[in-house]
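Trainee: pasting the sequence and the predicted coordinates here, then a few questions.
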Amino acid sequence: MRVVVDFDRCTGLGLCESLAPDFFEVQDDGSLELLRSEVNEAERAELQEAVRSCPTEALRLEG
Ligand code: SF4
């Protein structure tokens, strides 16, 4: 499973970073950097919460 970001929708508010800091990092210019995309079983719930919490629905899980 992997996490995918729609960068056109992302507004850089950083909720995903606060929930899953190993995956997401908002840069000083407000852009989001995806640090990793592969999600293992142990990380799945954390990423599902980040996907649900994104206010612009910019995140999804695939696979
Ligand atoms: S929570 Fe959504 S809008 Fe906010 S930085 Fe993450 S992907 Fe972007």
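Mentor: Nice, I can see it. Small disclaimer: the values here were computed from a predicted structure and weren't measured.

Trainee: relative to the ligand, how far out is the closest residue in space to residue 40 that isn't next to it in sequence?
Mentor: In this structure, residue 40 finds its nearest non-sequential neighbour in residue 1, 7.8 Å apart by CB to CB, 6 or more residues apart in numbering. Every C-beta, even on glycine, is put in place using the N, C-alpha and C of the backbone. Distance, residue 1 to the ligand, using CB to the nearest ligand atom, to the nearest Å: 17 Å.

Trainee: who's in contact with residue 1?
Mentor: 38, 39, 40, 44, 61, 62, 63 (CB atoms under 8 Å, 6 or more residues apart in numbering).

Trainee: now, those that are in helices?
Mentor: Among these, the ones falling in helices (DSSP state H) are residue 44.

Trainee: filter the contacts of residue 1 to the buried ones?
Mentor: residue 39 (16 or more other CB atoms under 10 Å).

Trainee: nearest to the ligand, of the contacts of residue 1?
Mentor: Closest to the ligand out of the contacts of residue 1 is residue 61 (12.7 Å), distances taken as CB to the nearest ligand atom.
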